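Enquirer: Dropping a prediction and its sequence here:
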Amino acid sequence: MCLTEHYIDENWNLQKKVIKFCPISSHRGNDIGRAIENCLVDWGLQNVMTITVDNASSNDVAIEYLVGKMMNWGDRCILKGKWTHVRCIAHIINLILQEGIKELGTSVDRIRAAVRWVRLSPARLKKFKEFALLEKVECQKSLVLDVLTHWNSTYLMLSVASEYERAFKRFIEEDYVFSRDLQEGCGVLELTDWENARRLGCFLEHFYELTLRVSGTNYITSNTYLDSISFMDSVLKQCMSSNDDQLSNMAMSMTLKFNKYWGDLNKFNLLVFIASLFDPRTKLAYLKVNLRGMYGNETGDKVVQLCENALLEIFNDYKRIHSDVHSNKASSSSSKIVNEETSSTKGFSLFGNVDDTFKSLRERKMAEVKRQKAELGVTEDLKTELDRYLKEEIEGDDVWFESQDFIVLGWWRKKSPAFPILSLVARDILAIPISTVASESTSSTGGRVLDSFRSSLTPQAVEALICCQDWIRSNGVASNVEESIEDIDRLEAGH
């Protein structure tokens, strides 16, 4: 189990630190909950805002267990843990896209079988490279074999394999064993398989870029959750209306899974929408435009009202907890965000008849915000700091996400004296990680630490190496965990 703490420090810098990396004896929900509880107690962490986990049912039980315990730690459990449970968006995207990939499953299976066969031995790989050279394939990338449960690896496999289409075709023509083995398996690769691979690759590219962005650890991501699912909703709706039957069927399958997580108002955590309100470039009008686009005007307005009510509840709870906070104390940290797990933004290319890119969709929504604001005008007396913030003009609305021209945390750092309580809420909500990728990448590092030559390291030693490396890297100092292990080996040997 890897436990990662996310918080925004007193200087309004996002911090991420691994605080636990250990084996657990059981994957039952209560046992996972106890393991997290023990870690929080060891570190003296009582103010936990949210816990981001994947979709395993045991995690639901673990969060329920933890909320019950945290309510006994004092009066700082925000709204009695009502919004503690945050589901990893990267895992949800994976489940949604797996549904779509099934529609072109035969072509994907054939390409996977061909890639696996070629990669099985150095001799085959050498011969494949010779064919690629003869066919003047310019691609220099190595063939990628996907992991069945990770759609992003399937995207990479298809995108690379498609560039080697001529090499695969020649291999099949000149190597009887290759052709025979494919025929006895999923079937020999055909022209339609490569066409499907390219079409699917173009479709998945949008979500691949999206996943990279929401999985970032060096910048805040919670304020873009709304944009992310709004973009997915827009793409799926356009694909469902496509004249391409396969694309339409694929989008329909994915939409059913999409609605499972974001279609039922009673099932998702409203914090994922509320977070966008703390981006001073969007606020309430932008939330309303997006939710109306996703759910229709009636339901969209209902969700907006739910978000407003929830935000007011949270704000009032922070006032209760921090009643002694004054303007000069607005930088006091209140809660921590925990991420538990058992780059820069790139543009999105167009595909098929889908007109929206991530950026163009946001620009279109912002244009609608301006239109509605012009119609409504400016009214109402502003009473609380929450009211004042929401009614203030939006900032830098033409700026695309984070940039040198506008940094959300930098804005809040300057404005925190004017919003002493609300800035505390902003610090906690903006720190929420919307994916568990940070913990998963740490687990991958753990696999490199424990290899066949160093399998005798104790769990405590591995945890110390993993945590220390993460802390050093978070301070901008380069480190190499393998070198650290070698130093420990030398010390243990008495050198």
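Expert: Thanks, I have the structure now. Just so you know, these numbers come straight off a predicted model, no measurement behind them.
Enquirer: for the helix or strand Ile92 falls within, packing partners?
Expert: Secondary structure assignment for Ile92, by DSSP states H and E: helix 89-101. Helices and strands touching helix 89-101, by 3 or more C-beta pairs under 8 Å, 6 or more residues apart in numbering; DSSP states H and E, are helix 151-163, helix 191-214, helix 225-240, helix 245-262. All C-beta spots, glycine's among them, are computed from the backbone N, C-alpha and C.
Enquirer: the inter-axis angle of that helix versus helix 151-163?
Expert: 50 degrees (axes from the mean of the first three to the mean of the last three C-alpha atoms, to 10 degrees).
Enquirer: what residues go with each domain of the protein?
Expert: The chain breaks down into these domains under automatic domain parsing: 99-205, 221-333+345-426, 450-495.
Enquirer: quick one, which of these is nearest to Glu10?
Expert: domain 221-333+345-426 (4.5 Å; C-beta to C-beta).
Enquirer: what's the model's confidence in the closest one, averaged?
Expert: Summarised as a single mean, pLDDT over domain 221-333+345-426 is 80.
Enquirer: Check stretch 148-161 too.
Expert: 87.
Enquirer: and that stretch, how far from the chain's centre?
Expert: How far stretch 148-161 lies from its chain's middle: 18 Å, per C-alpha atoms, centre = their mean, to the nearest Å.
Enquirer: Identify all contacting residues around it.
Expert: Residues outside stretch 148-161 that contact it (C-beta atoms under 8 Å, 6 or more residues apart in numbering): 93-94, 97-98, 101, 108, 111-112, 114-115, 139, 141-147, 168, 197-198, 200-201, 204-205, 207-208, 211.
Enquirer: contact partners of stretch 306-319?
Expert: For stretch 306-319, the surrounding residues in contact (C-beta under 8 Å, 6+ apart) are 78-79, 83, 265, 270-271, 273-274, 277, 284, 287, 334, 384, 386, 421-422, 424-425.
Enquirer: Enumerate the positions of stretch 215-231 that are buried.
Expert: 215-217, 219-231 (16 or more other C-beta atoms under 10 Å).
Enquirer: Among the residues you listed, give me the pair with the biggest separation.
Expert: Largest separation among the buried residues of stretch 215-231 by C-beta to C-beta: Thr217 and Ser230, giving 22.8 Å.
Enquirer: hmm, back to that, tell me the one of the buried residues of stretch 215-231 nearest Leu66?
Expert: For the buried residues of stretch 215-231, the minimum distance to Leu66 (C-beta to C-beta) is 19.9 Å, reached by Ser222.
Enquirer: Just put the domains of the chain in TSV and tack on distance to Val41.
Expert: Shown next, in TSV, are the domains of the chain (distance: least, C-beta to C-beta, whole Å):
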stretch	distance to Val41
domain 99-205	34
domain 221-333+345-426	19
domain 450-495	16
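Enquirer: between these, which one is nearest to Ile36?
Expert: Among these, the nearest to Ile36 by C-beta to C-beta is domain 450-495 (14.7 Å).
Enquirer: before we move on, the earlier item: format the CA atom coordinates belonging to the helix holding Ile92 as PDB.
Expert: In PDB, the C-alpha atoms belonging to helix 89-101 read as follows (Å, rounded to 0.1, in the frame of the first residue of the first chain):
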ATOM      1  CA  ILE A  89     -10.600   9.900 -12.600                       C
ATOM      2  CA  ALA A  90      -7.900   8.000 -14.400                       C
ATOM      3  CA  HIS A  91      -9.300   4.600 -13.300                       C
ATOM      4  CA  ILE A  92     -12.800   5.700 -14.400                       C
ATOM      5  CA  ILE A  93     -11.500   6.800 -17.800                       C
ATOM      6  CA  ASN A  94      -9.800   3.400 -18.100                       C
ATOM      7  CA  LEU A  95     -13.100   1.600 -17.400                       C
ATOM      8  CA  ILE A  96     -15.000   3.700 -19.900                       C
ATOM      9  CA  LEU A  97     -12.500   3.300 -22.700                       C
ATOM     10  CA  GLN A  98     -12.200  -0.500 -22.100                       C
ATOM     11  CA  GLU A  99     -15.900  -0.600 -23.100                       C
ATOM     12  CA  GLY A 100     -15.100   1.200 -26.300                       C
ATOM     13  CA  ILE A 101     -12.100  -0.900 -27.200                       C
END
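Enquirer: Could you point out the helix or strand that follows that helix?
Expert: Helix 89-101 is succeeded, C-terminally, by helix 105-119 (DSSP H and E).
Enquirer: I figured Leu287 hits Ser276, correct?
Expert: Yes. At 5.6 Å, Leu287 counts as touching Ser276 under the criterion of C-beta atoms under 8 Å.
Enquirer: which residues touch stretch 215-228?
Expert: With C-beta under 8 Å, 6+ apart, stretch 215-228 has contacts from 14, 16, 89-90, 210, 213-214, 271-273, 275-276, 278-279, 282, 286-287, 290, 343, 358, 361-362, 401-402, 408-409, 429-435, 437-438.
Enquirer: which among those residues end up buried?
Expert: For the contacts of stretch 215-228, buried by 16+ other C-beta under 10 Å: 14, 16, 89-90, 210, 213-214, 271-273, 275-276, 278-279, 282, 286-287, 290, 358, 361-362, 401-402, 408-409, 429-435, 437-438.
Enquirer: Looking at those, which are in helices?
Expert: 89-90, 210, 213-214, 271-273, 286-287, 290, 358, 361-362, 408-409, 429-430, 437-438 (DSSP state H).
Enquirer: which residues in the stretch 1-150 of the chain form strands?
Expert: In the stretch 1-150 of the chain, the strands defined using DSSP state E, counting those that start in this stretch lie at 2-8, 14-21, 48-53, 85-87.
Enquirer: Mean neighbour count, the ones you listed: which tops it?
Expert: strand 48-53 (a mean of 26; mean count of other C-beta atoms under 10 Å).
Enquirer: Which strands or helices does it pack on?
Expert: By 3+ C-beta pairs under 8 Å, 6+ apart, strand 48-53 packs against helix 57-70, strand 85-87, strand 336-341.
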